[in-house]
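S.K.: Predicted model and sequence follow; I will ask about them next.
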Amino acid sequence: MTAPAPVPPRVLTVAGSDSGGGAGVQADLKTMLALGVHGMSVLTAVTAQNSLGVQGAWELPVDAVRAQYRSVVDDIGVQAVKTGMLSSAVLVDTVAELLAETGVPVVVDPVGVSKHGDALLAAEALDSVRTKLLPVATVATPNLDEVTQLTGVTVIDEEGMRRAAAEILGHGPRWVVIKGGHLPGDAVDLLTDGREEHWLRAPRHDNRHTHGTGCTLASAIACGLARGQDVPAAVRGAKEYVTGAIRAGFALGGGIGPVDHGWLARAAR
Ligand SMILES: Nc1ncnc2c1ncn2[C@@H]1O[C@H](COP(=O)(O)OP(=O)(O)OP(=O)(O)O)[C@@H](O)[C@H]1O
Ligand SMILES: Cc1ncc(CO)c(N)n1
């Protein structure tokens, strides 16, 4: 008789669907496959989206979100959760409550707007993100626009990233990654818990096909945490994975193409 296959760590994404397959739940599940964990999803919203932008968005009812979450967590179990597009205050509140009960590491990507500037979170939900979601995060991963939305701080350099990190940590996450991807020069992110500081530097790839970078980084961090890595190790591994995916990003459609989630599997062949 053959031995049963080993069970991989399980990671859940709570996020919106990107019909174009570059960001959102689709990016999360591809990242999870690439990094060897079993990926599961709670859909919060459906977007009609492509390389040119978001053409429409429809939120799911709160009962549908709660039911998906319970189905996964109560039967299959999770070792880490990642959140992305949560759309509205009621969904942010509901997801924050569910996460607080689950007691596993949580990566919160506080998605506010898409790369094209389309709103993925209602303005009135920002307060819930600050007061309910950030406090249950093990790691929060805002980009510079989300930092400004959440704290009012405008970041133009690395000293500004430090100030932004302190402001975000004031809302309660254990760690924060301030993503400096939108600043000129190298792609520099700051990971800190208020005591340790880790600067993660990668060469900027001159590639406009970067759709899904933020979702990919946050999901990859969740994969590392599900494997039992500590936060600095999980973030370092995730930065390597997203950097490789950006290097290999490719043109699709008439606008910004996706990062390549398959680069690591091909590199291993
Ligand atoms: N051109 C680039 N070359 C290398 N790394 C990059 C580049 N652009 C972004 N990054 C890195 O990608 C990761 C995601 O950062 P970014 O600021 O792009 O997230 P985001 O704006 O939330 O993404 P999105 O909203 O498209 O999902 C960070 O580690 C950042 O430093
Ligand atoms: C559904 C979805 N989630 C997150 C992002 C990130 O910007 C996106 N473009 N779409």
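M.R.: Structure received. Ligands and ions are numbered 1, 2, ... in the order given.

S.K.: Please enumerate the strands of this protein.
M.R.: 10-18, 38-50, 53-59, 80-83, 106-108, 139-140, 175-179, 187-192, 197-202 (DSSP state E).

S.K.: Tell me which of those strands approaches ligand 2 most closely.
M.R.: Nearest to ligand 2, of all these, is strand 10-18, at 3.3 Å by CB to the nearest ligand atom. In short, each C-beta sits where N, CA and C put it, glycine included.

S.K.: neighbours around residue 21, how many?
M.R.: By the criterion of other CB atoms under 10 Å, residue 21 has 19 neighbours.

S.K.: want to throw the strands of the chain into CSV with mean pLDDT and distance to ligand 2?
M.R.: Below are these laid out as CSV (pLDDT from 0 to 100; distance: least, CB to the nearest ligand atom, whole Å):
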stretch, mean pLDDT, distance to ligand 2
strand 10-18, 98, 3
strand 38-50, 98, 5
strand 53-59, 97, 7
strand 80-83, 98, 10
strand 106-108, 98, 13
strand 139-140, 98, 15
strand 175-179, 98, 12
strand 187-192, 97, 16
strand 197-202, 97, 19
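
S.K.: This protein against ligand 2: which residues are in contact?
M.R.: Residues of the chain lying near ligand 2 by CB under 6 Å from any ligand atom: 15-18, 23-24, 47, 49, 84-85, 111, 114-115, 120, 214-215.

S.K.: What distance do you get for the closest residue to residue 252 other than its chain neighbours to residue 58?
M.R.: Of all residues not flanking residue 252 in the chain, residue 51 sits nearest, at 5.7 Å (CB to CB, 6 or more residues apart in numbering). Distance, residue 51 to residue 58, using CB to CB, to the nearest Å: 20 Å.

S.K.: what about the helices in the stretch 101-250 of the chain?
M.R.: Taking DSSP state H, counting those that start in this stretch as the test, the helices found in the stretch 101-250 of the chain are 126-128, 144-151, 158-169, 213-226, 231-247.

S.K.: for those helices, which one sits closest to residue 5?
M.R.: Judged by CB to CB, the one of the helices of the stretch 101-250 of the chain that comes nearest to residue 5 is helix 213-226, at 17.5 Å.

S.K.: Output the contacting helices and strands for that closest one.
M.R.: Secondary-structure packing of helix 213-226 (3 or more CB pairs under 8 Å, 6 or more residues apart in numbering; DSSP states H and E): strand 10-18, helix 24-34, strand 80-83, strand 106-108, strand 175-179, helix 231-247.

S.K.: Extract the C-alpha trace of that helix and format it as PDB.
M.R.: In PDB, the C-alpha atoms belonging to helix 213-226 read as follows (Å, rounded to 0.1, in the frame of the first residue of the first chain):
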ATOM      1  CA  THR A 213       2.400  42.900  -7.000                       C
ATOM      2  CA  GLY A 214       0.800  43.800  -3.700                       C
ATOM      3  CA  CYS A 215      -1.600  40.700  -3.600                       C
ATOM      4  CA  THR A 216       1.300  38.500  -4.500                       C
ATOM      5  CA  LEU A 217       3.600  39.800  -1.800                       C
ATOM      6  CA  ALA A 218       1.000  39.600   1.000                       C
ATOM      7  CA  SER A 219       0.000  36.000   0.000                       C
ATOM      8  CA  ALA A 220       3.600  34.900  -0.100                       C
ATOM      9  CA  ILE A 221       4.100  36.300   3.400                       C
ATOM     10  CA  ALA A 222       1.000  34.200   4.500                       C
ATOM     11  CA  CYS A 223       2.500  31.100   2.900                       C
ATOM     12  CA  GLY A 224       5.800  31.600   4.900                       C
ATOM     13  CA  LEU A 225       3.900  32.100   8.200                       C
ATOM     14  CA  ALA A 226       1.800  29.000   7.500                       C
END
